[in-house]
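[1] Sequence first, then the predicted structure, then my questions.
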Amino acid sequence: MILTETHMKYIDEYRDRDLIMKLAGQIRRSASGNYTFMEVCGGHTAAIRRFGIPSLLPENIRLISGPGCPVCVTGTDFIDKAIRYSERSDVIIATFGDLLRVPGSESSLEKMKALGADIRIFFSGLAALETARLNPEKKVIFLGIGFETTAPGTALTVIKAAQDNLSNFFVLSAHKIMPPAMEAILKNGTALDGFICPGHVSVITGSSIFIFIPEKYGTGCVITGFEPVDILQAILMLINQVNRNDPSVEIQYKRAVTTEGNSLAQGFMDDVFEKCDATWRGFGLIRSSGLALKGRYERYNAEYEMPVKTQHRSENELCICGDILRGLKTPDECPLFNNICTPENPAGACMVSNEGACNTWFKYRFA
Amino acid sequence: MIKKIVSLGHGSGGKQTRELIREVFAGNFGMSEPLTDSAILNIACERIAFTTDSYVVDPLFFPGGNIGKLAVCGTVNDLAVSGARPLYLSASFIIEEGFSLEDLEAVAVSMAEEAQKAGVKIVTGDTKVVEKGKCDGLFITTSGTGILPAGREYISTGIRIRPGDKLIINGPLGNHSIAVLGARNNLSFTTTVVSDCASLNNLIESLCDKCSEILFMRDLTRGGLAGVLNELVQITGTGILIDENRIPVDDPVRGACEMLGFDPLYLANEGKILIVAGSGTESEVLKILRSDPLGSISEVIGEIIPDARKRVIMNSVTGGKRIVDMPSGVQLPRIC
Amino acid sequence: MCLSIPARVVSLEGCMADVSAGGTIFKANLQMVENIKPGDFVLLHAGFAIQKISEEDAVETLRLLQEMSDAINDSD
């Protein structure tokens, strides 16, 4: 982009073309074998595509996309519940834009909105809370999605609702935590030489949550920022770990991540949420991988206050999103890909999100 | 004082309708009495360009314009990018019962002003009033007609485009989208960004007049630059290579995009066009564009390349290459 | 996942701040960060400042990278 008056600090210096070319050169020189690294964060998948990182890497480095897009891993059951709520005339659904097009078993929030449901897009849970204040005759249900980065915000929103004694604000939580999913991938036998670890999850949790990965599974971890210099530097750090045969947890994203993380945010999360078993699209049930509202906040839990029934329907049996999310298959191996399942009409989760593996594959493969 | 509003009576065809039309519209648009069912126009030429477009926008008034200005600029620009000289517009209004008469007047006034600036006349129109809740305040449809001078027939089809030809835009992308989103207030941001909404026919006319190698033009409205580039490769059967570093984007637009997860290439503009200029003529085109306030930040952003796979490829800021694909659905703000 | 970018704190009022991304102003809740003053950069995610950017570490990372790449170029 042509910079007019200012540049954007902490962004532009990490997009410096000269530095990027030098890093790419160093990666080529250091990459002596074949390497497969997984980025578990959808934000990394998007940045890798947006900045054309693959075109800067030699062929012996393979990047695969893991389960780190909360949209992709949100189960149909959650969407179906949200849709049931949206059918009620006394309900306003407050959601991040990300969820709007995700298919449930029969419909999507976007379609429900078109049919007249009151579904509003917000950038922050606090705006949803404000909507509850302004519409006392309505029940506002906030769809809580996201990993450790987003969950503290939802927690703080619930705490504020409690402080103000609001009786018409509720959360439908599909919040999840990252480490159990990464362990599921490793247990599954996906051959990986290292993880490009999620930078903004780590801002909250600290780097220590990943220590079990090198210790128990011998796989290296580099906690990575989201600019092209960050990603290339992290790839270089992972290559060096492999070459030295010294898997460990390193922080590339030092300007934002510490070992201990953000204790204030962790406190809000611990106050409001407790771990629960959660269903991940493509993975099925993963023990203790979800976040549910604790008993003392149950009056803000939509499922507790207004239980709804949904019929459990399995996802399209032919869809291989699960294998793709686990890094076992590529999108073109799916019988639905570009056939039944396209970005305009997604059948599987990986096609819905802009960051989903199938969606990005579709754009680049068929362009 | 009670606020004056539009009532169903204003759409009944009686006295109130006549008053509304005469006082709010015909007067502002300079229509002369008697008001007839058709405008009779004298157009002496071989080829006439004719276009129509409907306008809906939320909110109706936004920094840099309103739905009325948009409805004039949009239709004027649709004619102009085809190489035509816009002459006459029609304007039809669908008004929600209860709509403020003052706001309606403000819309009509800005339409009249913009029409005057663009040198076109609004010569015919219609109003309908619908019950409360049946439309979102105000919808406008404008149609426009103009002369297509000889020698410009190829501009709308792009048939003379060849590899090596240069791609030029007349300024920074995304301002209209971000200004409108900011005015909506539900995404917790405020911005100094102003819509780029403007009639470009005078700029385009001087370009077509002075340069013989204007091979294609298209306004970068819905779908943004990415949409138009992808249409262009389908039309020409070539590829396109653009350079992200050459694409102007204002900082506040960029900041909003980074934060909300938008890509400025996909955002709508209301005063921006893509121009394909014959190879070697680009500096002449730039000079003309930059001499006009509506083109002062014009840039050559890339070129047509041979590519049987008809791809739009972008050298990203990093030097890495990526595909710019066809937009799909509207961009939604995201947190992940 | 977890879109978040650095934004400059423009003004504070109680636990809320106006933060600027290239001149566009977003509302940021500050309850997860401490000792914030105008001019600081925070990572904003979904309306919450989740971290103050460490200028020291940012400078250090870039300095090390430059050194490394200069060293490589010298040895080439």
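    Thanks, I have the structure now. Numbers count the residues shown, from 1 in each chain, chains lettered A, B, ... in the order given.

[2] Run the chain-centre distance for the helix or strand of chain C with the lowest mean pLDDT.
    Among the helices and strands of chain C, helix C:55-75 carries the lowest confidence by mean pLDDT, DSSP states H and E, at a mean of 80. Mean C-alpha position of helix C:55-75 versus that of the full chain (CA atoms, centre = their mean, to the nearest Å) differs by 19 Å.

[3] And for it, what's in contact with it?
    A:10, A:13, A:19, A:22-23, A:25-26, A:29, A:229, A:233, A:252, A:254-255, C:41 (CB atoms under 8 Å, 6 or more residues apart in numbering or on different chains). For the C-beta atoms, the positions are set from N, CA and C on the backbone; glycine is no exception.

[4] Show me which residues of that helix are buried.
    C:57-58, C:61-62, C:65, C:68-69 (16 or more other CB atoms under 10 Å in any protein chain shown).

[5] Okay, buried residues for the helix or strand containing B:V228 please.
    Taking DSSP states H and E as the definition, one finds B:V228 inside helix B:224-236. Residues of helix B:224-236 classed as buried by neighbour count (16+ other CB under 10 Å): B:224-233, B:236.

[6] near chain A, which of the residues you listed show up?
    When CB under 8 Å from any CB of the partner chain is applied, no member of these is adjacent to chain A.

[7] And the strands in the stretch 51-200 of chain B?
    Ranges of strands in the stretch 51-200 of chain B, per DSSP state E, counting those that start in this stretch, are B:61-62, B:65-66, B:85-96, B:121-130, B:138-147, B:166-169, B:189-190.

[8] export those strands to a markdown table and tack on mean pLDDT?
    Conversion of the strands of the stretch 51-200 of chain B to a markdown table gives the following (pLDDT from 0 to 100):
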| stretch | mean pLDDT |
| --- | --- |
| strand B:61-62 | 97 |
| strand B:65-66 | 98 |
| strand B:85-96 | 97 |
| strand B:121-130 | 95 |
| strand B:138-147 | 97 |
| strand B:166-169 | 98 |
| strand B:189-190 | 92 |
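
[9] Quick check: which of the ones you listed is buried the most?
    Mean neighbour counts were compared across these using mean count of other CB atoms under 10 Å in any protein chain shown; the top stretch is strand B:166-169, at a mean of 24.

[10] Neighbouring strands - and their directions - for that one?
    As defined by DSSP bridges, the strand partners of strand B:166-169 come to strand B:273-277 (antiparallel), strand B:299-305 (antiparallel).

[11] Could you pull up phi and psi at the residue of the stretch 51-200 of chain B found nearest chain C?
    Among the residues of the stretch 51-200 of chain B, B:T191 lies nearest to chain C; the distance is 4.2 Å by CB to the nearest CB. The phi and psi values for B:T191, taken as degrees, to the nearest 10, are phi -150, psi 150.

[12] wait, what's in contact with the residue of chain C found nearest chain B?
    Per CB to the nearest CB, C:G22 is where chain C lies closest to chain B, at 2.7 Å. With contacts taken as CB under 8 Å, 6+ apart, C:G22 has the following neighbours: A:6, A:8, B:251-256, B:258.

[13] Produce a PyMOL select command limited to the buried residues of these.
    To isolate the buried subset of these in PyMOL, counting by 16+ other CB under 10 Å, use the following:
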select buried, (chain A and resi 8) or (chain B and resi 251+252+253+254+255+256+258)
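
[14] now the strands of the stretch 51-200 of chain B in a markdown table, with distance to A:Y35?
    Compiled in a markdown table, the strands of the stretch 51-200 of chain B are given as follows (distance: least, CB to CB, whole Å):
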| stretch | distance to A:Y35 |
| --- | --- |
| strand B:61-62 | 50 |
| strand B:65-66 | 53 |
| strand B:85-96 | 59 |
| strand B:121-130 | 63 |
| strand B:138-147 | 57 |
| strand B:166-169 | 38 |
| strand B:189-190 | 40 |
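
[15] can you tell which of those strands is closest to A:G267?
    With distances scored as CB to CB, the stretch of those nearest to A:G267 is strand B:189-190 (27.8 Å).

[16] The closest one: how far from the chain's middle?
    For strand B:189-190, the distance to the chain centre is 24 Å (CA atoms, centre = their mean).

[17] Relative to it, what are the paired strands and their orientations?
    strand C:24-29 (antiparallel).

[18] And the helix or strand following the partner strand, what does it pack against?
    Counting by DSSP H and E, the element after strand C:24-29 in chain order, helix or strand, is strand C:41-45. Contacts of strand C:41-45 with other secondary structure elements, assessed using 3 or more CB pairs under 8 Å, 6 or more residues apart in numbering or on different chains; DSSP states H and E, are made with helix A:199-205, strand C:5-13, strand C:16-21, strand C:24-29, strand C:48-52.

[19] Let me know the average pLDDT across the fourth one.
    So the one you mean is strand C:24-29. Averaged across strand C:24-29, pLDDT comes to 96.

[20] tell me the angle it makes with strand C:5-13.
    Using axes from the mean of the first three to the mean of the last three CA atoms, to 10 degrees, one finds that strand C:24-29 and strand C:5-13 are set 70 degrees apart in direction.

[21] Would you mind listing the buried residues in stretch C:29-37?
    Judged by neighbour count (16+ other CB under 10 Å), stretch C:29-37 contains these buried residues: C:29-33, C:36.

[22] now the residue positioned nearest the centre of chain A, nearest residue through space, not along the chain?
    Geometric centre of chain A, nearest residue: A:C69, 2.9 Å, by CA atoms, centre = their mean. Using CB to CB, 6 or more residues apart in numbering or on different chains and skipping the chain neighbours, the partner closest in space to A:C69 is A:G42 (3.1 Å).

[23] give me phi/psi at that neighbour?
    For A:G42, the backbone dihedrals (degrees, to the nearest 10) come out as phi -60, psi -30.

[24] Next, the contact list for it, please.
    A:65, A:68-72, A:353, A:355-356, B:336, C:1 are the contacts of A:G42 under CB under 8 Å, 6+ apart.

[25] 10 Å instead, please
    A:65-73, A:98, A:147, A:198, A:353-357, A:360, B:334, B:336, C:1-3 (CB atoms under 10 Å, 6 or more residues apart in numbering or on different chains).

[26] burial count for the residue lying closest to C:H45 once chain neighbours are set aside?
    Residue nearest to C:H45 in three dimensions, not counting chain neighbours: C:S4, with 3.9 Å by CB to CB, 6+ apart. Applying other CB atoms under 10 Å in any protein chain shown, we find 27 residues neighbouring C:S4.

[27] which ones are touching C:S4?
    With contact taken as CB under 10 Å, 6+ apart, C:S4 is in contact with A:43, A:149-150, A:199-200, A:203, A:226, A:256, B:258-259, B:335-336, C:42-46, C:48-51.
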